[in-house]
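Novice: sequence plus the predicted model coming up.
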Amino acid sequence: MIIGVLALQGAFIEHIHMFERIGVKTAEVRLPGQLEGISGLVIPGGESTTVMKLMHSYGLVGPVGKLARGNMAIWGTCAGMICLSSGALNPDGTPMQTLGLMDMTVKRNAFGRQVDSFESNLHITVLQGGPFPAVFIRAPFIERVGVSVEVLAKLPGGEIVAATQGKLLATSFHPELTGDARLHSYFAGMAGK
Ligand code: GLN
């Protein structure tokens, strides 16, 4: 099994290293042809407007949507979660264009300036072995989830920061920047099914 990691911008190397640590093969994806033969795709954190722009330029929007509808596993972290959503709002309330794959509305840079970056020990419903050390960097949170979306984690303030819908997974934070590979294993499990 090979997990593709979208390598247009942002924290893709860190995801590749995490998968390597747990013995999962990866492939960098920049062009539509590189989607062939993968069992799952990670859209990493970075800058969602840039990632969307580059996905359009490289002709990836259609093919990735097709794979998602064909039930391939896709995991969006932070900016990647924004890309996966069916609707994203900029901090000023204006909408942003997304891939529209997962039935949820997210708010960008949702935690305000004073807490641009922070860590939180999260209880994630699908993980065993105690709280997950989640790193948030100018992170979005999920404001609305559709009926087919299952919430996996919330912050103490109630903000939804992890969710799944079928074989789609979204996390507001950066699991690839911690030493904890449990979410990478969890996603590899989803992709292998
Ligand atoms: N603030 C970024 C965006 O809106 C996301 C930040 C991140 O991926 N760490 O796209």
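Specialist: Looks like it arrived, so ask away. Residues are numbered from 1 along each chain as shown.
Novice: which bits of this protein sit near the ligand?
Specialist: Within the chain, the positions lying close to the ligand (CB under 6 Å from any ligand atom) are 45-48, 78-79, 82, 108-109, 137-138. (Glycine included, C-beta is placed from N, CA and C.)
Novice: figure out the helix or strand that residue 54 lives in.
Specialist: Under the criterion DSSP states H and E, the helix or strand holding residue 54 is helix 48-57.
Novice: quick one: contacts of that helix?
Specialist: Contacts with helix 48-57, where a contact means CB atoms under 8 Å, 6 or more residues apart in numbering, come from 6, 8-10, 43, 61, 64, 79-80, 82-83, 88, 96-99, 108.
Novice: just those residues: which are in strands?
Specialist: Helix and strand membership here follows DSSP state E; of these, those in strands are 6, 43, 88, 96.
Novice: coming back round to it: now the helix holding residue 54: mean pLDDT?
Specialist: The pLDDT scores in helix 48-57 average 98.
Novice: residue boundaries of the strands in the chain?
Specialist: Remark: strands of the chain, listed N- to C-terminal, are 2-6, 25-29, 40-43, 73-77, 85-89, 95-96, 102-107, 117-122, 132-137, 141-145, 150-154, 160-165, 168-171; assignment by DSSP E.
Novice: before we move on, the earlier item: residues of the helix holding residue 54 that come out buried?
Specialist: Buried residues in helix 48-57, counting neighbours by 16 or more other CB atoms under 10 Å, are found at 48-49, 51-52, 54-55.
Novice: quick check: closest non-adjacent residue to the spatially most central residue of the chain.
Specialist: The chain has residue 76 as the residue nearest its centroid, 1.4 Å off, counting by CA atoms, centre = their mean. Counting by CB to CB, 6 or more residues apart in numbering, the nearest residue to residue 76 once its immediate chain neighbours are dropped is residue 84, at 3.9 Å.
Novice: you'd agree that neighbour is up against residue 103?
Specialist: No: counting by CB atoms under 8 Å, residue 103 is not a contact partner of residue 84; they are 10.1 Å apart.
Novice: for those two, indicate the residue with more neighbours.
Specialist: Neighbours were counted for residue 84 and for residue 103 using other CB atoms under 10 Å; residue 84 has more, 28 against 17.
Novice: for that one, which residues are in contact?
Specialist: Taking CB under 8 Å, 6+ apart, we find residue 84 in contact with 43, 74, 76, 98-99, 101-102, 168, 170.
Novice: before we move on, what about residue 47?
Specialist: 9-10, 79.
Novice: in TSV: the residues you listed, plus distance to residue 23, neighbour count and pLDDT.
Specialist: Compiled in TSV, those are given as follows (distance: CB to CB, whole Å; neighbours: other CB atoms under 10 Å; pLDDT from 0 to 100):
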residue	distance to residue 23	neighbour count	pLDDT
9	27	17	96
10	24	22	95
79	27	28	98
